[in-house]
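Student: with the sequence up front, the predicted model follows.
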Amino acid sequence: MEPEKDEEAPKIGVYVCRCGGNISDVVDVERVAKTIAEMEGVAISKVHTFMCSDPGQSMIVEDIKKESLNRVVVASCSPFLHELTFRNAVQRGGLNPYLYDHVNIREQGSWAHKSDPEGATAKAIRLIAAGVEKVKHAEPLERIRLSNHQRALVLGGGAAGMKAALELARRGIPAVIIDKNAELGGHIKEWGKLFPTDEDGQTLAARLRSEVEAEKDIEVIAPAKVTKISGFVGNYDVAFERLGEGGKPGEEAKLTVGAIIVATGFEPYRPAEGEFGYRKTPRVMTMPEFIAWAGSQPNGRLTLDGREVRRVGFLHCVGSRQIEGVHKPQPDGRVNTYCSRVCCSTVLNQAVQVRKRFPSVSVLDFHQDIRSYGRGHEDYYIEASNRGVAFFRYHGDEPPEVATDAEGLVRLRMKDYLTWGEEIEASMDVLVLAVGMTPSPIGDLIDMLKLATGHDRFLQEVHPKLRPVESSVNGVFLAGTAQAPMTLEEALCSAGAAAAKAAALLGSEYVEVDPFVARVDEAKCTGCERCVEECAYSGAIVMVEKETEGGGKVKKAEVNAGLCAGCGACVAVCPTRAIDLRGWSLKEFDSMVDGLVSAAERLAAK
Amino acid sequence: MSTEITAGEETERGEAVERDRYDAVVIGAGISGIQSALDLGDQGYSVLLVEREPSIGGRMISLSKVFPTLDCASCITTPKMSAVARHPKVTILVNTEVERVADKDGEKEIELLRKPTYVDNRACIGCRLCEYACPVEVPDRFEQGLALTRAIAVPFTNAIPQKAVLDAEHCIFCGACARACPTDAIRYEQEPRRQTIRAGIVVAATGFKLNVGINKPQYQPKNPRNVISPLQMERLLAPHGPYGRVLRPSDGKIPESVAYVLCAGSRDKSIGVPYCSRVCCMYSIKQAMLLSGALPIADITIYYMDIRAFGKGFEEFYQNAKAMGIQFVRGKVARVNDGPNGDLILRVEMTEEDGRVEERQHDLVVLAYGIIPELESPEQVGLRAGSDGFLARPDSTRPAFAGIEGVFTAGCAAGPKDIVDSIIEAGAAASAGSAYLSQCASKTTKS
């Protein structure tokens, strides 16, 4: 019998990264490389300042060719950052990209053990030794190729959703928008004149809507509700229900798409009853309520409850920048620590509009910081100041107190830090609560797609800079305020970025995914179904009936590579060790343990 | 003096531009331009990425760590640089200025000026022997002038390409580099060359600079050596920075008391920058955090008007900084005066306390200069500027559109912006650009 190819003697190249000092300031990388060089099978053991840089990668490529390496290990940062970078380098060197192991000696080494260089160095040696032993058993793997449905589903037809669909359609990629409301446009319809261009939100929504209607490659399904999503990248099966009048369930239908863009948007923060006087008096209203009310009033005089409005106050940071122990927690027990980004400029914009439209009304502004950060935003701050808006500054841990007085007016008390902490008390006819943004209630969707959320409950991207519009689920992208508070401009940009990623994915008839999925050794499988019970990804491992040689029937486990997430739960429960993970086999784990132990012995001997 | 280069001709610099038409020309290879080029290339469009500096990577590659995740900047930038450099659909031209963007037969025509580097890039192997042989020391631009390099040098450790560039302004033509070069790559006689490229679209990602030279006498003490820019502080904080640790420039003293003056070059009509530069609050907080790690006993004070911690995770980052003991003093610094031993004295009104005016001594001061466009006169090269000097963005439902048919913009070219927002805008510009290209193609097919 001929020896199999992967049985050739390992010739491993090991590369230890200094990370420009991030690692080498703590870990003695030279000693690490020298110690590892003594291991059996290690042909090269080198140190470089930035392995991820072009020269670092080129070194791997050249060494593979010159020294005929057949395995590579890089010890650097978290595999989350650069495993793919080095797999690609290994591939460029002519090796199968999975004959590679990535060892993390930064996040799990130098950064974690800053004050213990000796310990961090020893740990780096042990971890790399484990990587070296693992890679000896690595097998060449091929990425899994799946068919691709070249159209996208956009969930949510607000500004971001419409924009994402438009850009895809204009690229020739069909898009389907599903929205719970009959009319697309989301919240911008409700916000009146928008900063920083003073254009009307309804006009902008209508413009986007008419573009969507004119686009033959966009199908709008609204009002409708998604009821079930299954499948995987390139092949998402989506069941939805058209909603009848009053949100009554109607006809059910299905569609299949290759990618999903989640653009489910935000809801304005709803203050609790009594929070800054809300719902105790109609004179305390939220920003959207104020915009709707003031927008319906004729210019000139402003009246409420038959009484002339002389003074309007705006209170910033309602439902945002909350502090634990100071603010009452939200129903889920958390406070909203985040800044909602748009409220400051919204207040300034509304303050200017009040002064322009109702010159007899004076305006008070109660803030912590004025965050008019964006292009053109500061102009509103300057204009508000020029138009006589009076500003007061409070500290977050001393939120203003709001009450009503005998005449029914709103009274606000606070310490003003623009006048050295002086206690002030102001009465006003209307107090507007500049409420922040909260994510739309999309718990069902989060469960269906297994999306990650942050501490702020908004959807979480994979990495804010490396992959800012991608969710952790392959083929699912994020657009607009579902991810975080944003202005209209920012939401449209994020929709464009998501469309670019989706277009790159949907441009091909196939998608490729990592090969780290379970595989079943049918000879060992007893058909006990423990794996199916344990599997968290519906349909990823199933029982199928097979014919035995004797003509009988037995049940054997079978893996659906598209659905399998490679979590290993089935491996752990299999009583006969019949299941293994490609790229993370039990043999590889065993050898890693051997590597850790032998390195520890080697270190102890020195 | 310049000679025309025609397509396909292999140049002395080894950066043969294979053809004279690309689907897209991206101007500027900072993080925004790189991301736009990647997002266009990934969709199958051919891209020419043009950079005026000798390396791609822009400002981001010189930063230490980035807020609010404290990832090291190199770790995020180098893989993107490497990916774009290896992308089969992307061609990169460094040392190249865009002189003009014009319309021609429904497409864009881009005039390029390829500056001489006095090195034949086909021959240069980036060994740096020329750099070691050169006797002329010049301020290192990558290190923000805090260190010296040579008149011929590879721009920095992780530069792409790894090719030496000769600084003709400082070169004494002694011939040492030519003698040291093992591949005979030095070309003293190289001249600028012009080249015209056609493209379906242009993405302008021309970036920003700091208004370090602003005329603000209040912030100009007689001895300004210990008044540094935030980009200089980035280098001091970078693990592979000029000194390997944080020292003040005048005497190498380890700073004990560092001050940040926010809005030093922004929100100030008197210097023509009334707008907010958007990132200064956050990078100052980030630097303060890194400083308190690097200099555990130093006092760090941030003087501010408003803390604009508006982005995802920013407010939490700010609150952490406060909890770490970084001092936040509200008040715009009125003056930066000379103090004893190279120290500086800041005059500031304590608006949060009793309004008294204090003079506070610090041994190192960082001025948060304002962000202004790198491209000074967009109109001169055929682009459109807004009233603030940044590239125009006239259509609110098409934010990437730069006001000229087929031209899109991303990143700080269109206003100050953090890295996350720049990367997202780069994606938006690529998306809008590819949609435009796609529409053009379908029109052509129909007609």
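Tutor: Yes, it's here. Numbering: from 1, shown residues only, chains lettered A, B, ... in the order given.
Student: show the backbone phi and psi for the residue in the stretch 451-600 of chain A that chain B sits nearest to.
Tutor: In the stretch 451-600 of chain A, no residue comes nearer to chain B than residue A:497, which is 2.7 Å away by CB to the nearest CB. From N, CA and C alone the C-beta is placed, and that goes for glycine too. Dihedral pair for residue A:497: phi -60, psi -40, per degrees, to the nearest 10.
Student: so it makes contact with residue B:427?
Tutor: Yes: in this structure residue A:497 lies within contact range of residue B:427 using CB atoms under 8 Å: 2.7 Å.
Student: got any residues that touch both of the two?
Tutor: A:468, A:469, B:39 (CB atoms under 8 Å, 6 or more residues apart in numbering or on different chains).
Student: where do the helices sit along the chain?
Tutor: Just going to use chain A. A:29-37, A:54-66, A:79-92, A:117-136, A:159-170, A:201-214, A:287-295, A:343-357, A:377-386, A:443-449, A:488-506, A:530-534, A:569-573, A:586-605 (DSSP state H).
Student: I was thinking of chain B, sorry if that wasn't clear
Tutor: B:31-42, B:73-86, B:129-133, B:176-180, B:230-237, B:280-294, B:314-323, B:419-446.
Student: want to try CSV for those helices, with mean pLDDT and mean neighbour count as columns?
Tutor: Shown next, in CSV, are those (pLDDT from 0 to 100; neighbours: other CB atoms under 10 Å in any protein chain shown):
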stretch, mean pLDDT, mean neighbour count
helix B:31-42, 98, 30
helix B:73-86, 90, 23
helix B:129-133, 95, 18
helix B:176-180, 97, 18
helix B:230-237, 98, 22
helix B:280-294, 97, 23
helix B:314-323, 97, 18
helix B:419-446, 92, 24
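Student: can you list those helices in a markdown table and add distance to chain A?
Tutor: What follows is the helices of chain B, written out as a markdown table (distance: least, CB to the nearest CB, whole Å):
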| stretch | distance to chain A |
| --- | --- |
| helix B:31-42 | 4 |
| helix B:73-86 | 5 |
| helix B:129-133 | 15 |
| helix B:176-180 | 20 |
| helix B:230-237 | 11 |
| helix B:280-294 | 8 |
| helix B:314-323 | 4 |
| helix B:419-446 | 3 |
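Student: show me what contacts residue A:479?
Tutor: Contacts for residue A:479 (CB under 8 Å, 6+ apart) come out as A:154, A:160-161, A:163-164, A:261-263, A:469, A:491, A:494-495, A:497-499.
Student: so which bits of the stretch 51-200 of chain A are right by chain B?
Tutor: Proximity of the stretch 51-200 of chain A to chain B (CB under 8 Å from any CB of the partner chain) is limited to residues A:52-55, A:57, A:77, A:81-82, A:85, A:92, A:159, A:163, A:166-167, A:170-172, A:194, A:197, A:199.
Student: change it to 7 Å
Tutor: Counting by CB under 7 Å from any CB of the partner chain, the residues of the stretch 51-200 of chain A close to chain B are A:52-55, A:57, A:77, A:81-82, A:85, A:167, A:170-172, A:197, A:199.
Student: now for those: which two are most distant?
Tutor: A:55 and A:199 (49.9 Å; CB to CB).
Student: does residue A:287 touch residue A:432 like I think?
Tutor: Yes: using CB atoms under 7 Å, residue A:287 is in contact with residue A:432, at 5.9 Å.
Student: neighbour count winner among those two?
Tutor: residue A:432 (30 against 24; other CB atoms under 10 Å in any protein chain shown).
Student: just list the residues touching the closest residue to residue B:259 other than its chain neighbours, thanks.
Tutor: Of all residues not flanking residue B:259 in the chain, residue B:362 sits nearest, at 4.0 Å (CB to CB, 6 or more residues apart in numbering or on different chains). Applying CB atoms under 7 Å, 6 or more residues apart in numbering or on different chains, we find residue B:362 in contact with B:257, B:258, B:259, B:343, B:344, B:346.
Student: let's see that with 10 Å instead.
Tutor: Counting by CB atoms under 10 Å, 6 or more residues apart in numbering or on different chains, residue B:362 touches B:226-227, B:255-261, B:298-301, B:303, B:336, B:339, B:343-346.
Student: which of the residues you listed are buried?
Tutor: B:226-227, B:255, B:257-261, B:298-301, B:303, B:336, B:339, B:343-346 (16 or more other CB atoms under 10 Å in any protein chain shown).
Student: for residue A:302, which non-adjacent residue is closest in space?
Tutor: residue A:309 is the one closest to residue A:302 (CB to CB, 6+ apart), at 4.2 Å.
Student: I meant residue B:151, not that one.
Tutor: Using CB to CB, 6+ apart, the closest residue to residue B:151 is residue B:136 (3.9 Å).
Student: for the one you found, give me the pLDDT.
Tutor: Note on residue B:136: pLDDT of 98.
Student: count of neighbours near residue A:398?
Tutor: Residue A:398 has 12 neighbours, counted by other CB under 10 Å.
Student: hang on, I meant residue A:505
Tutor: Residue A:505: 23 neighbours (other CB under 10 Å).
Student: ok, the spatially closest residue to it that is not a sequence neighbour - contacts?
Tutor: Closest residue to residue A:505 apart from its sequence neighbours, by CB to CB, 6+ apart: residue A:259 at 5.4 Å. Counting by CB under 10 Å, 6+ apart, residue A:259 makes contact with A:148-154, A:168, A:173, A:175, A:233-234, A:236, A:474-477, A:498-499, A:501-506, A:511.
Student: quick check: closest non-adjacent residue to whichever residue of the stretch 101-250 of chain A sits closest to chain B.
Tutor: As assessed by CB to the nearest CB, chain B sits closest to residue A:170 within the stretch 101-250 of chain A, at 3.7 Å. Nearest non-adjacent residue to residue A:170, counting by CB to CB, 6+ apart: residue B:435, 3.7 Å away.
Student: so which of the contacts of residue A:479 wins on neighbours?
Tutor: Counting by other CB under 10 Å, top hit in these: residue A:499 with 38 neighbours.
Student: how near is the closest residue in space to that residue that isn't next to it in sequence to residue B:404?
Tutor: Once flanking residues are discounted, residue A:499 sits nearest to residue A:167: 3.9 Å by CB to CB, 6+ apart. Separation of residue A:167 from residue B:404 (CB to CB, to the nearest Å): 19 Å.
Student: ok, residue 201 - contacts?
Tutor: No chain was given, so I picked chain A. Residue A:201 touches A:159, A:185-194, A:291, A:488, counting by CB under 10 Å, 6+ apart.
Student: should've been chain B
Tutor: By CB under 10 Å, 6+ apart, the residues touching residue B:201 are B:22-26, B:40, B:45, B:47, B:107-108, B:405-408, B:429-430, B:432-437, B:440.
Student: repeat that with 6 Å
Tutor: By CB atoms under 6 Å, 6 or more residues apart in numbering or on different chains, the residues touching residue B:201 are B:24, B:406, B:433, B:436, B:437.
Student: can you check residue B:66 too?
Tutor: B:73, B:419.
Student: give me that answer again for 8 Å
Tutor: A:465, B:60, B:72, B:73, B:76, B:286, B:419.
Student: distance-wise, check whatever residue of the stretch 51-200 of chain B ends up closest to chain A relative to residue A:494.
Tutor: Nearest residue of the stretch 51-200 of chain B to chain A, counting by CB to the nearest CB: residue B:158, 3.7 Å away. Distance, residue B:158 to residue A:494, by CB to CB: 29 Å.
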